[in-house]
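Student: Mind folding the following:
(chains A and B)
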Amino acid sequence: MGVSVSANEVADAPQEARERTILGLTGEGWARILAPLAIGIIALGLWEWAVRVNEIPPYILPGPIEVGRTLIRDWHTLQVSLWITLQITFAALFVAAALGLALAVLFAQSRVIELSLFPYAVILQVTPIVAIAPLIIIWVDDIRIALLICAWIVAFFPILSNTTLGLNSADHNLQDLFRLYRASRWQVLMRLRLPTAMPYFLGGLKISGGLALIGAIVAEFVAGTGGRASGLAYRILEAGYNLQIPRMFAALVLVSATGIAIFLAMTLVSHLALRHWHESAMKERK
Amino acid sequence: MPAKGTVSSSRAPASGFSVVLPSGLDLGGVPVLGACRVEVPGGRVTALLGPSGSGKSTLLRLVAGLLRMQGAVVAEDGAPLAGRIAWMAQQDLLVPWRDALGNVTLGAHLRGEKPDEARARALLDQVGLSAPDARKTPAQLSGGMRQRVALARTLMEDRPVVLMDEPFSAVDAPTRHRLQELAARLLAGRTVLLVTHDPLEALRLADRILVLTGSPAVPVEVPVPEGAPPRPARDAALLDAQAALLERLAEAA
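Tutor: Purely as a prediction, here's the structure:
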């Protein structure tokens, strides 16, 4: 005996709306790309126009064309610095993700551990990195490691706090069901709590990606004043000292572009991991 | 050999059990159930009715061993009930990252056994989920479809004691009618405790009907029509009994 699906439930099934597409994107898709792009171009045009009309010298405010030219001319130097900053950022993000996840799992094992350690994670989070960066740079001989620690301190907390929340968010009824199925503590962790925490962890990663970059830049600034670093922040400082303002702007553009690229990469990772089951990543049902 | 398209089930001898609450049941200081003794006979379907908030689900959770109360539930054969229970809760409780098929085979997956996929597919087919739907995740299914996956999972577990909490509440009336017949057939010979607020459902499926009455509630047995379940819905005696039961429930509320 089979039970046929009743008519109203068939109507409930998601129906892929066939919208007209231009080069693989719908009208709304193009608007989402073109509208911000148009605003950007208009703003850059106004900037260039204001610089030219008022004859502002490039050491006060260079126009976007001058910045672009400097970016190409100094690419060789800037690219070396960009690479150093990227290495520190991603190393810090990786360590923050691994340690944050591990510590969150530890917290999930016992309320006592969580209560006794979490305040220290908060202290780590609220201490201004600018204030402790000089100390870390003095204490740690290897400047790379010192920068990594600074970036890690900034990036660590969102991952820890989000993942802890995620691990504690597993549906209690579902935990009961797992208990009735005689799942072990380990199975409940691996098969229920960690998958539940996944969207939270990815959300934390999205925040921490940007923070790791900021942490790396701030630490480089502090280290740069002592002449001990060579990342993008150091280039900004150096260009400032030498009044090479276009170069300063070029380095700044690279920092922003890197931040945007990291955010987009984390968004993509999150989307790919969640698109089949989590509400946040699924297409809206019509 | 079972006929094509049907799912057979091993007939383990189903023990009855009784719930003994000499001083009732409190949850967080609030009395939920009064002092009572509920006998659930082995191999039969016992339906538990009552108004919302009368403690039906609490009683079910108590039997499932989710309330950590020692000695309140005693099996007739003396062995503990743990490990012999399939539980279908009021919420569908599907794991969101596993597809419908993966949810039906969840028990086997957790026990580290190789899941009987053919049986799982046949069960999904019987509750009316097509093969493409079996590959969808819960978020891609409608509420009624999710409930049917939960029903298939409960039947898949093939346990002698089955606890069901409003198993057909989210499906439309004709589908509910067919699912009731399917459940009655697949659950024959098991000890079933069925929580429902649908008098017709109780009268069609149950060998015994208990109505939770009063505050704190105690179960009171009401008569059921002649004949073995599933009883035909058009039977005059059954419809009479439905009207009587409805009035009784209205009084209990």
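Student: For B:Leu179, which non-adjacent residue is spatially closest?
Tutor: The shortest distance from B:Leu179 to any non-neighbouring residue, by CB to CB, 6 or more residues apart in numbering or on different chains, is to B:Phe168 (5.5 Å). Just so you know, the C-beta spots here come from the backbone N, C-alpha and C atoms, and that holds for glycine as well.
Student: The one you found - how many residues pack around it?
Tutor: 24 (other CB atoms under 10 Å in any protein chain shown).
Student: Any figure for the gap between it and B:Gly83?
Tutor: 26 Å (CB to CB, to the nearest Å).
Student: helices and strands around the longest helix seen in chain B, which ones?
Tutor: If you go by DSSP state H, chain B has its longest helix at helix B:236-252. Helix B:236-252 makes packing contacts with helix B:199-205, strand B:208-213, strand B:218-222 when contacts are defined by 3 or more CB pairs under 8 Å, 6 or more residues apart in numbering or on different chains; DSSP states H and E.
Student: Just checking: what are the partner strands of the last one?
Tutor: As defined by DSSP bridges, the strand partners of strand B:218-222 come to strand B:208-213 (antiparallel).
Student: Need the contact partners of the partner strand.
Tutor: For strand B:208-213, contacts defined as CB atoms under 8 Å, 6 or more residues apart in numbering or on different chains pick out B:33, B:38, B:41, B:44-51, B:54-56, B:59, B:202-203, B:218-224, B:245, B:248-249, B:251-252.
Student: Just the buried residues out of these, in PyMOL syntax.
Tutor: Buried subset of the contacts of strand B:208-213, written as a PyMOL selection, criterion 16 or more other CB atoms under 10 Å in any protein chain shown:
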select buried, chain B and resi 33+38+41+44+45+46+47+48+49+50+51+54+55+56+59+202+203+218+219+220+222+224+245+248+249+252
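Student: so where's the chain uncertain?
Tutor: If you meant another chain, say so; for now it's chain A. A:1-19, A:225-229, A:283-286 (pLDDT under 70).
Student: I was thinking of chain B, sorry if that wasn't clear
Tutor: In chain B, residues with pLDDT under 70: B:1-13, B:253.
Student: Give me the phi and psi for B:Glu39.
Tutor: Main-chain torsions, B:Glu39, degrees, to the nearest 10: phi -100, psi 120.
Student: Ok, the one 4 residues further on next?
Tutor: According to degrees, to the nearest 10, the main-chain angles of B:Gly43 amount to phi 70, psi 10.
Student: which non-adjacent residue is nearest it?
Tutor: Closest residue in space to B:Gly43, ignoring its immediate chain neighbours: B:Ala14 at 4.6 Å, by CB to CB, 6+ apart.
Student: quick check, that neighbour in a helix?
Tutor: No. Per DSSP: H, G, I helix; E, B strand; the rest coil, B:Ala14 lies outside any helix segment and is coil.
Student: and it, what is it in contact with?
Tutor: B:Ala14 touches B:42-43, B:160-161, B:189-191, counting by CB under 8 Å, 6+ apart.
Student: the helices in the chain, which residues?
Tutor: Let's take chain A. So, for chain A - with DSSP H - the helices run A:7-12, A:27-53, A:64-73, A:75-109, A:111-126, A:129-139, A:143-167, A:172-180, A:185-187, A:194-225, A:232-241, A:245-274.
Student: my bad, chain B
Tutor: B:56-64, B:100-104, B:106-111, B:117-126, B:131-134, B:143-156, B:173-186, B:199-205, B:236-252.
Student: Just put those in TSV and tack on distance to A:Leu177.
Tutor: What follows is the helices of chain B, written out as TSV (distance: least, CB to CB, whole Å):
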stretch	distance to A:Leu177
helix B:56-64	9
helix B:100-104	11
helix B:106-111	8
helix B:117-126	17
helix B:131-134	20
helix B:143-156	9
helix B:173-186	19
helix B:199-205	23
helix B:236-252	29
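Student: out of the ones you listed, nearest to A:Arg191?
Tutor: helix B:106-111 (6.8 Å; CB to CB).
Student: Not counting sequence-adjacent ones, nearest residue to A:Arg144?
Tutor: A:Ile88 (6.8 Å).
Student: Please look at that neighbour and A:Ile145 and confirm they touch.
Tutor: No. Applying CB atoms under 8 Å as the test, A:Ile88 and A:Ile145 come out as separate, 9.7 Å apart.
Student: So between these two, which is more surrounded?
Tutor: More neighbours surround A:Ile88 than the other of A:Ile88 and A:Ile145, with 28 against 13 (other CB under 10 Å).
Student: Quick check: the more buried one vs A:Trp152, distance?
Tutor: 10 Å.
Student: swap in A:Pro58?
Tutor: From A:Pro58 to A:Trp152 the distance is 37 Å (CB to CB).
Student: tell me which residues in the longest helix of chain B are buried?
Tutor: B:238, B:241-242, B:245, B:248-249, B:252.
Student: Other residues contacting that helix?
Tutor: B:49-51, B:54, B:197, B:199-200, B:202-204, B:209, B:211-214, B:222-226, B:231-232.
Student: next one: stretch B:126-138 to chain centre, how far?
Tutor: Its chain's average C-alpha position is 21 Å from that of stretch B:126-138, according to CA atoms, centre = their mean, to the nearest Å.
Student: so how far is the first residue of that stretch from its last?
Tutor: One end of stretch B:126-138 to the other measures 18 Å (CA to CA, to the nearest Å).
Student: So which bits of that stretch are buried?
Tutor: Buried-residue list, stretch B:126-138, by 16+ other CB under 10 Å: B:126-129, B:133-134, B:136-138.
Student: Can you sort out which of these also neighbour chain A?
Tutor: B:126-129, B:137-138 (CB under 8 Å from any CB of the partner chain).
Student: Among those residues, name the ones in strands.
Tutor: Per DSSP state E, strands hold no members of these.
Student: Greatest separation within these: which pair is it?
Tutor: B:Gln126 and B:Thr137, at 20.8 Å, using CB to CB across those.
Student: and B:Gln147, how many neighbours does it have?
Tutor: 26.
Student: so it touches B:Ser169, yeah?
Tutor: Yes. Counting by CB under 8 Å, B:Gln147 touches B:Ser169, with 7.4 Å between them.
Student: For the residue of the stretch 151-253 of chain B found nearest chain A, give its distance to A:Val95.
Tutor: When scored by CB to the nearest CB, the stretch 151-253 of chain B has B:Arg178 as its residue closest to chain A, at 4.4 Å. To A:Val95, B:Arg178 is 57 Å away according to CB to CB.
Student: Which residue lies nearest the spatial centre of chain B?
Tutor: Taking CA atoms, centre = their mean, the centroid of chain B lies closest to B:Met164, which sits 2.0 Å from it.
Student: ok, so what distance separates that residue from A:Arg179?
Tutor: 18 Å.
Student: what do you get for A:Glu279?
Tutor: Distance from A:Glu279 to A:Arg179, by CB to CB: 26 Å.
Student: more crowded one of the two?
Tutor: Between A:Glu279 and A:Arg179, A:Arg179 has the larger neighbour count (other CB under 10 Å), namely 15 against 10.
Student: For that one, give me its contacts.
Tutor: A:188, B:66.
Student: One more: A:Tyr59?
Tutor: Neighbours of A:Tyr59 in contact, by CB under 8 Å, 6+ apart: A:243, A:245.
Student: okay, how far is it across stretch B:165-174, tip to tip?
Tutor: 19 Å.
Student: quick one: contacts of that stretch?
Tutor: So stretch B:165-174 is contacted by A:6, A:8-9, B:56-57, B:60, B:88-90, B:92, B:143-144, B:146-148, B:150-151, B:154, B:176, B:179-180, B:183, B:194-198, B:201 (CB under 8 Å, 6+ apart).
Student: Distance of the residue in the stretch 101-250 of chain B positioned nearest to chain A relative to B:Gln147?
Tutor: Proximity of the stretch 101-250 of chain B to chain A (CB to the nearest CB) peaks at B:Gly128, 3.5 Å away. B:Gly128 sits 11 Å away from B:Gln147, going by CB to CB.
Student: try A:Thr267
Tutor: For A:Thr267, the distance to B:Gln147 - CB to CB - is 34 Å.
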